[in-house]
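>>> For reference, the sequence and a predicted model appear below.
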Amino acid sequence: MNRTRSPLNRALWLALFLWVGATLARLAFAAAFAPPGTAWSDLAGALLLGARYDLRWAALSVLPLWAISRVPWLGRRLVSPRARWFWWAFWMGVSLAWVLAWVVDAGHYAYLHQRLSAVIVSLAGDPREAAGMVWQTYPVLWITGGVLLWLGLCRGLFGVLWPARVVPDRWSPRPARWRVVSTELFVAMLALLAVHGRLSQYPLRWSDAGELSNAFGQQLALNPLQNLYDTWSFRTQQFNAAAMRADAGEVRQFVGLPPLQADEPISFLRSVPPRPGARPMNVVVVLLESFAAHKTGALGSPLGATPSFDALAADGLLFTRMMSAHAHTARGVFATVTGLPDVSSPSTASRNPAATQQQSIVNEFKDHAKFYFIGGSTSWANVRGVLTASIDGIDIYEEGRLKSPSEDVWGVSDKNLLQEANAVLRAQTKPFFAIVQTSGNHRPYTIPAEDRATFKPRTPTPAELQAHGFSSQQEYEAFAYLDWCIGQFMQQARREAYFDNTLFAFIGDHGIIGPTGPHLPPAWHDLAITQGHTPFLVYAPKHVPARRINHWAQQVDVLPTVASLAGIGYRNTTLGRDLLDPRFDDSRVAFAFQFAGPGQRGLLVGDRLLLDQPPAAQAVFDITAADPKKNLLDTTPTPVGLAALQQRWGHFAQAYANTALYLQTHNRRLAAGGGSRD
């Protein structure tokens, strides 16, 4: 007898069917594309991870319809026999989307050795040509037959779950209301867990596949629907080599390379030998959360928030005009590690699967152990994906692996993070390169209870706080606490055997927009320069003389500069330059993305800011002026030297941004001999 099934019962059966179908498709994918000699045991982790991706998308595909059926005013219509056509159309549409995703994914991999992504949109730019290629390359008739077979199975399953004729069941007792509600709440929680993908703060991400040890397994684990979704917002961020040649030539000159020859492929590879007489050192790069330059005493703030940093700056190499290209942590991390400013829009490059694998100067520290420390999780913004795919043997210490308890949403406190980093580095028997990413200088501005007795910040007046860029005493204390943590860390480090041969580099991930106080010109606030302005300090008193350098510098310059100071020769394939190389002293500029509005590109050159303001023409501002918002191009007479400035630098911000975007997907890892890795 055909009885009416509940919407939940139908949805669960449909989700299970999709999940099983995806599992079979993944097994077929493995059988078709696994490299010769690959054992199934090598792929077990990929198959299990892939099953979790598939379960997420099975739940997302059908369970929302069940949820809609529980809406009181709509549910009665969806459970009515007359709504059968709606369920049928929805289910067959979902079934078609799934089978097309897997079929196109297999063809995409066979053609490009990459899983399905939004790049497919550009490949299908000429539909007639694309269709001809598909017809001549793939067994289209057999594929069509397979698709129809799948759709037939899906139609048959639907007929079982919702037959055309249903006999009402008048005799079976109805379950109690509480039992129905509790069952549905339990299933809803399981569905949310399936979509989230793991029992942690951060959801299952595509970058989790990058942690698999088997290279083919990293590809096998991915779900084509997930990959299409993750890459969709980046589908328009594509530059071909032909369109890039003019911009590449301009930027090559900027990094010290000759112009491109007519038949020369686009490349920014250059080899930098170690400095004469330099011996390799350990390196510790500390990324300071929201460490705005205008709030530090070293750059003139009178509020006393940074006594530890200021003392280090007095004995170190301080770059006073370091700029992050954007006020976003993930972008700052990407720029520092890769040497590329993150100009992706609207999302960040770390979230783009096609931009995961990058050549990083960190890999040029070939004899060094490599570490990354963070109080939270590198699942945030998919940073783990960039780190594990770009840095050989990176050892990540994060929440869950760290021994200290979490304080708030940002994880372990900065003091405990730095202390645990010191304990790990103290135990090393070989050279090391470590990055420590702090995160506590964020709302909710938590000061751990264990530190309240020894951390004693000043208490400026509300007027003083507001005048110098602090929104509250709590924000001031969080900034001062970060500085206090630096001091505690350096006190410990000085007692360690590694200290004398270690180069410490401190840099903010970005700045903060806000008032600066009278110690900086009004342009820092009025033209939003503060959003990227952060100090860059190199501290190695026995190796690097104390000095203040006031020319513009960029986050992408950090690793080239650190490598040179640490006595490491390196290959550089991106846009960073050694800040101490005199060849570039007449071209010290700072690029920034979105100075004052979405999509605006800016270039700081000396005391001028060149700002692209689409759709209007470029504007030029004097950052030392009392009224910095006045466009110098609108003044009469035109200031001396403005025409020459525009001739040299007027197009550079656009060329630089285009080159950075191009290199996001064309900066492949280098093999030991210099060629790119496949």
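Nice, thanks for sending it over.

>>> Would you mark the buried spots in the helix or strand encompassing residue 18?
Element membership for residue 18, per DSSP states H and E: helix 7-33. For helix 7-33, burial by neighbour count (16 or more other Cβ atoms under 10 Å) applies to 7-8, 10-15, 17-19, 21-22, 25-26, 29-30. (Each C-beta comes from the backbone N, C-alpha and C, glycine too.)

>>> Next, the buried residues of the next helix-or-strand element following it.
Scanning forward in sequence from helix 7-33 by DSSP H and E, the next helix or strand is helix 44-69. The neighbour-count check on helix 44-69 (16+ other Cβ under 10 Å) flags 45-47, 49-51, 53-63, 65-66, 69 as buried.

>>> elements contacting helix 44-69?
Contact analysis of helix 44-69 by 3 or more Cβ pairs under 8 Å, 6 or more residues apart in numbering; DSSP states H and E lists helix 7-33, helix 72-79, helix 84-112, helix 177-196, helix 215-220, helix 224-232 as its packing neighbours.

>>> That helix vs helix 7-33, what angle?
150 degrees (axes from the mean of the first three to the mean of the last three Cα atoms, to 10 degrees).

>>> Spatially, and excluding backbone neighbours, which residue is closest to residue 288.
residue 508 (4.7 Å; Cβ to Cβ, 6 or more residues apart in numbering).

>>> Hmm, residue 290 and that neighbour touching each other?
Yes - contact criterion Cβ atoms under 8 Å: residue 508 and residue 290 qualify, at 6.8 Å.

>>> give me phi/psi at residue 515?
Per-residue torsions, residue 515: phi -60, psi 150 (degrees, to the nearest 10).

>>> Then residue 571?
phi -100, psi 130.

>>> Quick check: which element contains residue 534?
With DSSP H and E as the criterion, the answer for residue 534 is strand 533-539.

>>> Name every strand pairing with that strand and say which way it goes.
If you go by DSSP bridges, strand 533-539 pairs up with strand 317-323 (antiparallel), strand 502-508 (antiparallel).

>>> before we move on, back to that, from residue 235, how far off is the residue nearest to residue 288?
Distance, residue 508 to residue 235, by Cβ to Cβ, to the nearest Å: 32 Å.

>>> try residue 644
The value you get for residue 644 to residue 235, if Cβ to Cβ is used, is 40 Å.

>>> Counting neighbours, go ahead and name the busier of these two.
Neighbour totals were compared for residue 644 and residue 235, and residue 235 leads with 15 against 9 (other Cβ atoms under 10 Å).

>>> distance of that one from residue 24?
For residue 235 relative to residue 24 (Cβ to Cβ), the value is 29 Å.

>>> repeat for residue 18
Taking Cβ to Cβ as the measure, residue 18 falls 11 Å from residue 24.

>>> picking that back up, okay if I get the helices and strands packed on helix 44-69 as TSV plus distance to residue 306?
Listed next are those as TSV, based on distance: least, Cβ to Cβ, whole Å:
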stretch	distance to residue 306
helix 7-33	53
helix 72-79	58
helix 84-112	50
helix 177-196	39
helix 215-220	43
helix 224-232	39
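
>>> and residue 548, what helix or strand is that in?
strand 547-554.

>>> ok, residues contacting that strand?
317-323, 325, 335, 341, 536, 576, 579, 585, 588-591, 604-605 (Cβ atoms under 8 Å, 6 or more residues apart in numbering).

>>> Spatially nearest residue to residue 14, not counting backbone neighbours?
Leaving aside its sequence neighbours, residue 14 sits nearest to residue 62 (Cβ to Cβ, 6+ apart; 4.5 Å).

>>> again with residue 8
Residue 8 sits nearest to residue 66 (Cβ to Cβ, 6+ apart), 5.4 Å away.

>>> contacting residues for the one you found?
Residues in contact with residue 66 (Cβ under 8 Å, 6+ apart) are 7-8, 10-11.

>>> If we use 10 Å, what do you get?
Applying Cβ atoms under 10 Å, 6 or more residues apart in numbering, we find residue 66 in contact with 6-12, 14-15, 75, 78, 184, 187-188, 191.

>>> any idea which of these is closest to residue 223?
Nearest to residue 223, judged by Cβ to Cβ, of the contacts of residue 66 is residue 15 at 14.1 Å.

>>> can I assume that closest one is in contact with residue 62?
Yes - judged on Cβ atoms under 10 Å, residue 15 makes contact with residue 62 at a distance of 5.0 Å.

>>> Common neighbours of those two, please.
residue 191.

>>> need the strands for the stretch 201-350 of the chain, in chain order.
270-272, 282-288, 317-323 (DSSP state E, counting those that start in this stretch).

>>> and the last one with strand 547-554, angle?
Inter-element angle recorded for strand 317-323 and strand 547-554: 20 degrees (by the same axes, to 10 degrees).

>>> Secondary structure class of residue 372, three-state.
Under DSSP: H, G, I helix; E, B strand; the rest coil, residue 372 falls in the strand class.

>>> these two touch, right, it and residue 383?
Yes - here residue 372 reaches residue 383: they are 8.8 Å apart, a contact under Cβ under 10 Å.

>>> list residues touching both of those two?
What both residue 372 and residue 383 touch, as defined by Cβ under 10 Å, 6+ apart, is the set 333, 337, 396, 398, 437.

>>> what sits against the second one?
Residue 337 sits next to 285, 287, 350, 358, 360-362, 372, 383, 386-387, 390-391, 394, 435, 555-556, 558-559 when contact means Cβ under 10 Å, 6+ apart.

>>> and what of the fourth one?
Contacts of residue 398 were listed using Cβ under 10 Å, 6+ apart, and they are 372-380, 383-384, 411-412, 417, 437.

>>> Quick check: the gap between it and residue 639.
Using Cβ to Cβ, we find residue 398 at a distance of 51 Å from residue 639.

>>> One more: the third one?
In this structure, residue 396 lies at 51 Å from residue 639, with Cβ to Cβ as the measure.

>>> low-scoring pLDDT stretches of the stretch 251-400 of the chain, where are they?
Of all residues in the stretch 251-400 of the chain, none has pLDDT under 70.

>>> mind listing the helices for it?
Under the criterion DSSP state H, counting those that start in this stretch, the stretch 251-400 of the chain contains helices at 307-314, 329-338, 383-390.

>>> With respect to burial, which of these scores highest?
Mean neighbour count, computed with mean count of other Cβ atoms under 10 Å, is highest for helix 329-338 among those, reaching a mean of 26.

>>> Now that one - C-alpha only, CSV.
The C-alpha trace of helix 329-338 is given here as CSV (Å, rounded to 0.1, in the frame of the first residue of the first chain):
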residue,chain,number,x,y,z
THR,A,329,44.5,40.9,8.1
ALA,A,330,44.2,38.1,5.5
ARG,A,331,45.5,40.4,2.8
GLY,A,332,48.4,41.5,5.0
VAL,A,333,49.4,37.9,5.7
PHE,A,334,49.1,37.0,2.0
ALA,A,335,51.3,40.0,0.9
THR,A,336,53.9,39.3,3.6
VAL,A,337,54.2,35.6,2.8
THR,A,338,54.0,35.7,-1.0
